[in-house]
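1. I would like the atomic coordinates for the input below:
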Amino acid sequence: MDGAGREPLAEPELGRVSPWLKLVTVLVALGATGFAVRHAGQPLLEAHAFRQTQTALTAFWMMRDGWHLAYETPVAGYPWSLPFEFPLYQAVVAAIAKLGGFPLDPVGRLVSFGFLLACAWPASAIATRLALPRRAVWVFCALLWSSPIYLFWGRTFMIETAALFFAVAAIRYGLELLDPHPPWGAILLCSLFATAANLQKVTTGLPVVLILGCLWLLHWLRHGGLRAPSIREIATAVCAFGAPILIAVVWTRYTDAVKAANPLGPQLTSAALRSWNFGTLHQRLDPSTYLTVVWERMLAPNAGGLLGVALIAAAALVPAPVRVRAAIAAALALFLLPILLFTNLHVVHDYYQASCALFLIAALALAVGVWMPSLVRHAAVVPALTALLVASNVRAFTAGYRPIAGREFKIPRDRPLTIAEIVRRYTPPGTGFVAFGREWSSELGYYAQRKSFTVPGYFKDYARAWQEPAGFLGDTPLGAMVVCPSQTGPTLADATRRLESEPQWILVEALDCAVLIRSTGS
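-> Model (predicted):
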């Protein structure tokens, strides 16, 4: 066993991959890619449109006005900057769409899916590093690309797969730090990818950095004993694990400062959202949290249900090569830690599990591709099990996400698209609008291609936003007001009274909403 804890297998064992397993994986890759391409032009409204269009809105204005550190997401009023994640994914999407002259929606979806496919590269390198059989990688890719959570969320206009790719790439280089004298290239690349993961989505990157840091520390204690760490070892830990966390903290402080200048921003800082992000002790102790998040959203649809649980448990408990059990334990830790850290986010949002489902799938792939052949030495066992689990994934996807992914959105049937079309058609470019009854969703602003203050019901100056809407748009002229039914108002009757008292407005009905358009002659 070398310094990284590897137990080399014979070369034929490492390289032997059943052609049937390759066929299953290739068919899965082709099917997933075909599905992503087929629905690439779908409006960003099928699920969590709030988050999809917020990401797309940033990319749209990045294309329009260029890249800025305090990038614009003009949905919460002037001065328009409302940064959360560092916009790596958005910048890639904006650059491709602008340079190629492509429509933004399909570019965002396909770039997201491209990051998902690209996870095969660090996964393959990790398997090589751990001296795992090559078939484990093929099993992993087949299960990953057929899993419902990634078949659906992996082709949405969201940052999830970009952050996940950076995190897995950080693991690929982080394992090299377990060598007695890791190369500086590996240290720097681990730091680079871990930093990218944290900046892109800290809820994805931070758990990976913490687990990698703990593995490195345990390895150092095991081999270093009680001796003082060398300067190189200190530099390795600081660069690879400390720097990504420090940079993420600095970025968060910076975004909080930028948000403070925005009307809605103080209510969206890291301090204001702390309980929303982390959740409560009660949630962590409540069995229903794990029944919903772990079983119903993860194990049952994405890991073969009881069959997957049995395979993972058996591989972890029944005698097997030490590195297999250790790798499964690490994968399960990477799977569970994000849920334990950011519990409320995982309870509220079903897409948050995209940050950690990959590691559950990795544990299952180890059970199928490494442990099972050590127990049953038959060439058909791995392809057959993989095909069975893929079939389970496809069945779960067909029953769950598939109808959502196939939804059609058309004017005038769909409310956001209809309202956005009215605003875009009847207001001049360079004007903005104020909207009520849509929380602070970016759907209207993105498809209208206008800057807006889409006022949430909990905004502290809600009444003033209705009374003095132009005051929240800075030097951007007010071109329209949107009123949709809500408990906080205003009502459609309020919109009519405004029309009567301020004749410069023209009222256009859009399903159950009213759009007040400022007359160009006023």
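2. from now on I want contacts and neighbour counts done on CA atoms only, so please keep to that.
-> OK.
3. L44 reaches D105, doesn't it?
-> Yes. L44 lies in contact with D105 (C-alpha atoms under 8 Å); the separation is 7.2 Å.
4. grab the nearest non-local neighbour of I339.
-> For I339, ignoring the flanking residues on the chain, the nearest one in space by C-alpha to C-alpha, 6 or more residues apart in numbering is H346 at 6.2 Å.
5. count of neighbours near the one you found?
-> Counted with other C-alpha atoms under 10 Å, the neighbours of H346 add up to 24.
6. from G34, how far off is it?
-> Using C-alpha to C-alpha, to the nearest Å, H346 is found at 29 Å from G34.
7. mind checking the SS state of the residue nearest to I339?
-> helix (DSSP: H, G, I helix; E, B strand; the rest coil).
8. again, but for S452
-> Here S452 is recorded as strand under three-state DSSP.
9. any idea how far it is from L132?
-> Going from S452 to L132 by C-alpha to C-alpha gives 53 Å.
10. for G430, same thing?
-> G430 is 57 Å from L132, where distance means C-alpha to C-alpha.
11. compare neighbour counts for the two and give me the winner.
-> Neighbours around G430 and L132, counted as other C-alpha under 10 Å, are more numerous at L132. The numbers are 24 against 13.
12. does that one count as helix, strand or coil?
-> Three-state assignment for L132 (three-state DSSP): coil.
13. right, and it touches V370 too?
-> Yes. Under the criterion of C-alpha under 8 Å, L132 makes contact with V370 at 7.3 Å.
14. returning to what we had before: L44 and D105 - which one has more neighbours?
-> Using other C-alpha under 10 Å as the criterion, L44 and D105 rank with L44 on top: 26 against 21.
15. I'd assumed the more buried one was in a strand, is it?
-> No. Using three-state DSSP, the assignment for L44 is coil, not a strand.
16. so what pLDDT did it get?
-> On the pLDDT scale, L44 is placed at 96.
17. equivalent analysis for L499, please.
-> Looking at L499, the pLDDT reads 89.
18. for the residue nearest to it when sequence neighbours are not counted, phi and psi?
-> For L499, ignoring the flanking residues on the chain, the nearest one in space by C-alpha to C-alpha, 6+ apart is W505 at 5.8 Å. When read as degrees, to the nearest 10, the backbone of W505 gives phi -100, psi 150.
19. hang on, W505 packs against A514?
-> No. Taking C-alpha under 8 Å as the definition, W505 is not a contact partner of A514, at 11.5 Å.
20. which SSE is I517 in?
-> Using DSSP states H and E, I517 falls within strand 513-518.
21. could I have the CA atoms of that strand written out in CSV?
-> In CSV, the C-alpha atoms belonging to strand 513-518 read as follows (Å, rounded to 0.1, in the frame of the first residue of the first chain):
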residue,chain,number,x,y,z
CYS,A,513,-53.4,40.5,-14.2
ALA,A,514,-53.5,44.2,-15.2
VAL,A,515,-50.6,45.9,-17.0
LEU,A,516,-50.5,49.7,-16.8
ILE,A,517,-48.5,51.0,-19.8
ARG,A,518,-47.3,54.6,-19.7
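22. that strand packs against which elements?
-> Strand 513-518 sits against helix 415-426, strand 478-483, helix 492-501, strand 505-510, with contacts defined as 3 or more C-alpha pairs under 8 Å, 6 or more residues apart in numbering; DSSP states H and E.
23. ok, now how distant is E296 from A333?
-> As judged by C-alpha to C-alpha, E296 and A333 stand 19 Å apart.
24. so which of these two has more stuff around it?
-> The residue with more neighbours, out of E296 and A333, is A333; 17 against 13, by other C-alpha under 10 Å.
25. you'd agree the more buried one is in a helix?
-> Yes. Counting by three-state DSSP, A333 falls inside a helix.
26. isn't L306 right up against E296?
-> No. L306 is beyond contact range of E296, at 11.5 Å (criterion: C-alpha under 8 Å).
27. got the contact list for stretch 242-252?
-> Residues outside stretch 242-252 that contact it (C-alpha atoms under 8 Å, 6 or more residues apart in numbering): 84, 86, 191-192, 194-196, 198-199, 202, 206, 209, 270.
28. in which helix or strand does P79 reside?
-> Taking DSSP H and E as the definition, P79 sits outside all helices and strands.
29. quick one, what contacts the closest residue in space to it that isn't next to it in sequence?
-> Residue nearest to P79 in three dimensions, not counting chain neighbours: N262, with 5.9 Å by C-alpha to C-alpha, 6+ apart. With contact set as C-alpha under 8 Å, 6+ apart, N262 has these partners: 76-82.
30. mind checking the SS state of N262?
-> Assignment for N262 (three-state DSSP): coil.
31. list the contacts of stretch 283-294.
-> The contact list for stretch 283-294, computed with C-alpha under 8 Å, 6+ apart, reads 340, 343-344, 346-347, 350, 353.
32. and of the residues you listed, the nearest to V322?
-> Relative to V322, the closest of those is L340; by C-alpha to C-alpha it sits at 26.4 Å.
33. number of residues surrounding the closest one?
-> L340 has 18 neighbours, counted by other C-alpha under 10 Å.
34. can you check D179 too?
-> D179: 15 surrounding residues under other C-alpha under 10 Å.
35. now swap in V348 and tell me
-> Close neighbours of V348, defined as other C-alpha under 10 Å, add up to 11.
36. kindly report the same for A194.
-> The number of residues packed near A194 is 33, by other C-alpha under 10 Å.
37. and the closest residue to it other than its chain neighbours, helix, strand or coil?
-> Once flanking residues are discounted, A194 sits nearest to A170: 5.2 Å by C-alpha to C-alpha, 6+ apart. When classified by three-state DSSP, A170 comes out as helix.
38. what sits against A170?
-> Shown in contact with A170 (C-alpha under 8 Å, 6+ apart): 189-194.
39. one more pass at 6 Å, please.
-> Residues near A170 by C-alpha atoms under 6 Å, 6 or more residues apart in numbering: 190, 193-194.
40. A40: which of these is nearest?
-> Closest to A40, out of all of the contacts of A170 and judged by C-alpha to C-alpha, is F193, at 27.5 Å.
41. quick one: contacts of the helix or strand in which that closest one is found?
-> Secondary structure from DSSP H and E places F193 in helix 184-200. Contacts with helix 184-200, where a contact means C-alpha under 6 Å, 6+ apart, come from 85-86, 163, 166-167, 170, 173-174, 205-206, 240, 244, 248.
42. in CSV, list those along with distance to G279, pLDDT and secondary structure.
-> Shown next, in CSV, are the contacts of helix 184-200 (distance: C-alpha to C-alpha, whole Å; pLDDT from 0 to 100; DSSP: H, G, I helix; E, B strand; the rest coil):
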residue, distance to G279, pLDDT, secondary structure
E85, 20, 96, coil
F86, 23, 97, coil
A163, 22, 98, helix
F166, 26, 98, helix
A167, 23, 98, helix
A170, 27, 98, helix
Y173, 32, 97, helix
G174, 30, 97, helix
G205, 18, 97, helix
L206, 17, 98, helix
A240, 28, 96, helix
P244, 24, 98, helix
A248, 20, 97, helix
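43. now render those as CSV, adding distance to R498.
-> Converted to CSV, the contacts of helix 184-200 look like this (distance: C-alpha to C-alpha, whole Å):
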residue, distance to R498
E85, 39
F86, 41
A163, 46
F166, 51
A167, 52
A170, 56
Y173, 61
G174, 61
G205, 49
L206, 49
A240, 59
P244, 52
A248, 46
